[in-house]
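> Sequence and predicted structure are below.
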Amino acid sequence: MGKIAFVFPGQGAQAIGMGKDLVETDAAARRRYEEADEALGFALSRIILEGPEAELKATANTQPALLTASIVYLERFQSIHGLQPDYVAGHSLGEYSALVAAGVLSFAEAVSTVRARGEFMEAAVPSGQGAMAAVLGAEREALQTLCESISAGGHPVELANLNCPGQIVISGSVAGVQAVVEQGKEAAGAKRVIPLEVSGPFHSSLMRPASERLAAVLEGVAMNRAAVPVVANASAKPVQEPEEIRQLLVEQVHASVLWEDSVAWLIAQGVDTFIEFGSGSVLAGLIKKIDRSVKVYSINSLEALEQFQLTTA
């Protein structure tokens, strides 16, 4: 039997009504949604369950909303199946869900921290000055070189999310991202460059002001040593010590999300089963593109939760 990793999605996976099937049938899940409302001082649960879409999509709401949904699916799953992971990891915001799963952060503390993180990220760059785009089919090194040359010309643009082979998200100034859109095919072999609907240039050096503000908040957040190793986005390496986790969370806001590298590292440690908790199945899709031979499950509904069976074949 190989090892198991629990993984948690980031922004973009959210959907109105996520977790509703649990909230309606499970007192513990309902309590978690109420606890999120109490931690934030407003009805986040109403936004999660009823929308409107525009409110759920606001970064400062999306982040605590996704974390809340991920944790209720995780807790219900563990109460039914009793399965423990060998490692945990999350994509961007999902790293905070992973830290709750590993016992580093309390649920309430994580909810308020990611709310602040979302606010800082939204405020870091004036609206309309930053952009992100998904680059499909490009070579990583060639795209890196292209971004460096455009940035050197005064229009910062960087690799933000290294998701899987052939899927890299870039982030930076509007002019920088536009230059990659125009030159990506020629200079980096990109098949397509798709602008993303986001409220800022996340995971780029333009987010440094958000990192600094988050650092001040994280100083006051109580953290335990991780019960299982957490594979950090910024390093694609395992961490367990609170001080190192704090530092990497600060970096994570303006650094690349090394998702492909993180999954490859986990597979190299003998992980052959990935279980994704939360809304959608974005990570399941990315993991399959990284290595088709691993088993991947998405626990994103009560039905998925109850029908789950670990295949050992």
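Arrived safely, thanks for sending. Numbers count the residues shown, from 1 in each chain.
> Can you name the next helix or strand after the longest helix along the chain?
For the chain, the helix with the greatest residue count under DSSP state H is helix 59-81. The element immediately downstream of helix 59-81 (helix or strand, assigned by DSSP states H and E) is strand 87-90.
> Identify all contacting residues around that next one.
Outside of strand 87-90, the residues that reach it under the criterion CB atoms under 8 Å, 6 or more residues apart in numbering are 3-10, 95-99, 101-102, 226, 228-231, 233, 238, 262-263, 266, 269, 271. (Glycine included, C-beta is placed from N, CA and C.)
> thinking again about what came up before, now find how far off-centre the longest helix of the chain is within its chain.
Counting by CA atoms, centre = their mean, to the nearest Å, helix 59-81 is centred 13 Å from the centre of its parent chain.
> Quick one: mean pLDDT for it?
For helix 59-81, mean pLDDT is 97.
> Quick one: buried ones out of the contacts of strand 87-90?
4-10, 95-99, 101-102, 226, 228-231, 233, 238, 262-263, 266, 271 (16 or more other CB atoms under 10 Å).
> can you give me the helices in this protein?
In order along the chain, the chain carries the following helices (DSSP H): 20-23, 27-40, 44-50, 53-57, 59-81, 94-101, 107-124, 140-152, 174-188, 208-219, 242-252, 259-268, 282-290, 302-307.
> Packed most tightly, which of those helices would that be?
Burial of the helices of the chain is given as mean neighbour count (mean count of other CB atoms under 10 Å); helix 94-101 ranks first at a mean of 28.
> Helix 282-290 and that one, what's the angle between them?
The directions of helix 94-101 and helix 282-290 differ by 110 degrees, with axes from the mean of the first three to the mean of the last three CA atoms, to 10 degrees as the criterion.
> so helix 94-101 versus helix 59-81, what angle?
Between the axis of helix 94-101 and that of helix 59-81 there is an angle of 40 degrees, by the same axes, to 10 degrees.
> who does helix 94-101 touch, helix- and strand-wise?
Judged by 3 or more CB pairs under 8 Å, 6 or more residues apart in numbering; DSSP states H and E, the packing partners of helix 94-101 are strand 3-8, helix 59-81, strand 87-90, helix 107-124, strand 230-231, helix 242-252.
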